[in-house]
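Engineer: got a predicted structure here, sequence first:
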Amino acid sequence: MTERNRKTNFHLLSAVLDEEAKVVSVIKALAYAASFMSFVIGVKSWLWTHTAHASALFLFCALMLMNVISYNRTLNQQLFKTLFLWLVGLLFLYLIAGGGESNTGILWFYVFPPFVFYVAGLRTGSWMLIIMVALIAIIFRFPELPWVRTVYNLDFQLRFAATVSFVSVFAFVMDHSRRKARQELINMARLYEKAARTDELTQLPNRRDMQQQLEKEYFRYKRHGSHFSVILLDIDHFKMINDTYGHDAGDFVLMKISELLVNACRKMDMAARWGGEEFLIQLPDTSLVQALTLAERLRKSIEASPLQYKNQEIRYTISCGVCSISQAKDLASLLKQADVNLYQAKIKGRNMVIPLVVQKASEDEPV
Ligand SMILES: Nc1nc2c(ncn2[C@@H]2O[C@H](COP(=O)(O)OP(=O)(O)OP(=O)(O)O)[C@@H](O)[C@H]2O)c(=O)[nH]1
């Protein structure tokens, strides 16, 4: 994944994380509710001298609360969800095998299918459901097992199997649609977000995106003192290119120069379309001299490489205004100074980089 994509996906990622946090909050609320209910029913059973049943409910209540406490400490969402589901599954199996209050314990199992898909996802949820159904089938089939204390007649077993199958399929389809709709929403948001940050013609980041990136870089500079520089670059006499070769040729030049800028920059740099025929390059961890070296290299390379467009040769040049954050008091004055330098380059005859480098830095110097 490129630096650029990482930036674009940042907001979406946080949206997905928000959704995950919501699931965890729901599970937490359910864990508290289940603990409370099992505790209350446990107390009732205890008073009715059903001590074994009461102990099982108290144990479930304690394990549920321990899982929440452990999550609050470790913040391990996956472990929290998995343990929660298996605890709930074990409670249901216990209720089915023991019968629960007036043999109604089995009714709680209808909660399991929608819940397991919501929490664990469709694939893991399906596997957990299959395992649970297999264990219930064992309870139905072997009532003589030591921990099974309820016998369900065949008629009930068949009706239970049919209704649970129906609920499971329905829950699967519902959750599948929910997840699909959410994914489509994320894809759409990704598209819109990309469009809002990208220049349509050149596919470079647009001014808005660059502005945000500059603010981040400035924040980094303020916090860690990591210097950065910018190159404000403008195509000379671009109006003349449009007028001479046509607007499409002008667009072609803009696209080609964008490619050139992307190729000339390091991964950590960012070139954006700043305005019509103006581009801004942000160079993190780069001194003024290093930025001037790159600008000069770009200027020479463009001057020496005319473009071929529909059998016509288009020669063009650029002017650059360069500035480093160490020469400015803040971000606004950095951009202002780059603009002033670009203006100087224009009035001094174009096809040049300002500030002028008296003693040229080596072409091979890394930027
Ligand atoms: N083809 C094309 N032209 C554009 C686009 N955006 C802006 N322009 C043209 O760019 C030209 C800019 O002209 P000016 O601002 O006079 O600048 P210039 O001709 O480059 O002159 P200097 O900057 O002073 O060297 C205008 O004619 C705009 O119409 C675009 O997306 N495509």
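Structural biologist: On my side now, so go ahead.

Engineer: tell me the SS of residue 281?
Structural biologist: strand (DSSP: H, G, I helix; E, B strand; the rest coil).

Engineer: show me how far stretch 207-217 is from its chain's centre.
Structural biologist: Taking the mean of its C-alpha atoms, stretch 207-217 sits 19 Å from the chain's own mean (Cα atoms, centre = their mean, to the nearest Å).

Engineer: er, stretch 178-185 actually
Structural biologist: That offset, for stretch 178-185, works out to 15 Å (Cα atoms, centre = their mean).

Engineer: dump the C-alpha coordinates for it into CSV.
Structural biologist: Once non-C-alpha atoms are left out, stretch 178-185 reads as follows in CSV (Å, rounded to 0.1, in the frame of the first residue of the first chain):
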residue,chain,number,x,y,z
ARG,A,178,-26.3,-6.1,6.8
ARG,A,179,-22.6,-6.8,6.1
LYS,A,180,-23.0,-6.5,2.4
ALA,A,181,-24.8,-3.1,2.7
ARG,A,182,-22.1,-1.9,5.1
GLN,A,183,-19.3,-3.0,2.7
GLU,A,184,-21.1,-1.2,-0.1
LEU,A,185,-21.3,1.9,2.0
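
Engineer: give me the residues contacting stretch 136-156.
Structural biologist: Here stretch 136-156 makes contact (Cβ atoms under 8 Å, 6 or more residues apart in numbering) with 93, 96-99, 103, 106, 109, 157, 160. (Each C-beta comes from the backbone N, C-alpha and C, glycine too.)

Engineer: from those residues, which is closest to the ligand?
Structural biologist: residue 109 (63.7 Å; Cβ to the nearest ligand atom).

Engineer: circling back: looking at the contacts of stretch 136-156, spot the one nearest residue 257.
Structural biologist: residue 109 (65.8 Å; Cβ to Cβ).

Engineer: what about the closest one, distance to residue 95?
Structural biologist: Residue 109 sits 8 Å away from residue 95, going by Cβ to Cβ, to the nearest Å.

Engineer: so which of these two has more stuff around it?
Structural biologist: residue 95 (23 against 20; other Cβ atoms under 10 Å).

Engineer: please name the nearest non-neighbouring residue to that one.
Structural biologist: Among residues not flanking residue 95 along the chain, residue 105 sits closest, at 2.9 Å (Cβ to Cβ, 6 or more residues apart in numbering).

Engineer: spit out the contact partners of that neighbour.
Structural biologist: By Cβ under 8 Å, 6+ apart, the neighbours of residue 105 are 92, 94-96, 98-99.

Engineer: now secondary structure and distance to the ligand too, for these, in TSV please.
Structural biologist: Output for the contacts of residue 105, formatted as TSV (DSSP: H, G, I helix; E, B strand; the rest coil; distance: Cβ to the nearest ligand atom, whole Å):
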residue	secondary structure	distance to the ligand
92	helix	64
94	helix	70
95	helix	69
96	helix	69
98	helix	75
99	coil	76
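
Engineer: quick one, helices of the stretch 101-250 of the chain?
Structural biologist: 112-120, 122-141, 154-197, 207-224, 238-245, 247-264 (DSSP state H, counting those that start in this stretch).

Engineer: rewinding a little: from residue 192, how far off is the residue nearest to residue 95?
Structural biologist: Counting by Cβ to Cβ - residue 105 and residue 192 are separated by 49 Å.

Engineer: also residue 235?
Structural biologist: For residue 235 relative to residue 192 (Cβ to Cβ), the value is 30 Å.

Engineer: ditto for residue 66
Structural biologist: 44 Å.

Engineer: same check on residue 77?
Structural biologist: For residue 77, the distance to residue 192 - Cβ to Cβ - is 28 Å.

Engineer: measure residue 53 to residue 59 for me?
Structural biologist: Counting by Cβ to Cβ, the gap from residue 53 to residue 59 is 11 Å.

Engineer: the more surrounded of the two?
Structural biologist: Legend: neighbour count by other Cβ under 10 Å for residue 53 and residue 59, higher for residue 53 (23 against 15).

Engineer: of residue 66 and residue 192, which one has the most company?
Structural biologist: residue 66 (13 against 10).

Engineer: quick one, domains of this protein?
Structural biologist: By the assignment in the TED database, the chain contains the domains 3-193, 207-354.

Engineer: point out the most buried one among the ones you listed.
Structural biologist: domain 207-354 (a mean of 18; mean count of other Cβ atoms under 10 Å).

Engineer: what does the average pLDDT come to for that one?
Structural biologist: Domain 207-354 carries an average pLDDT of 95.
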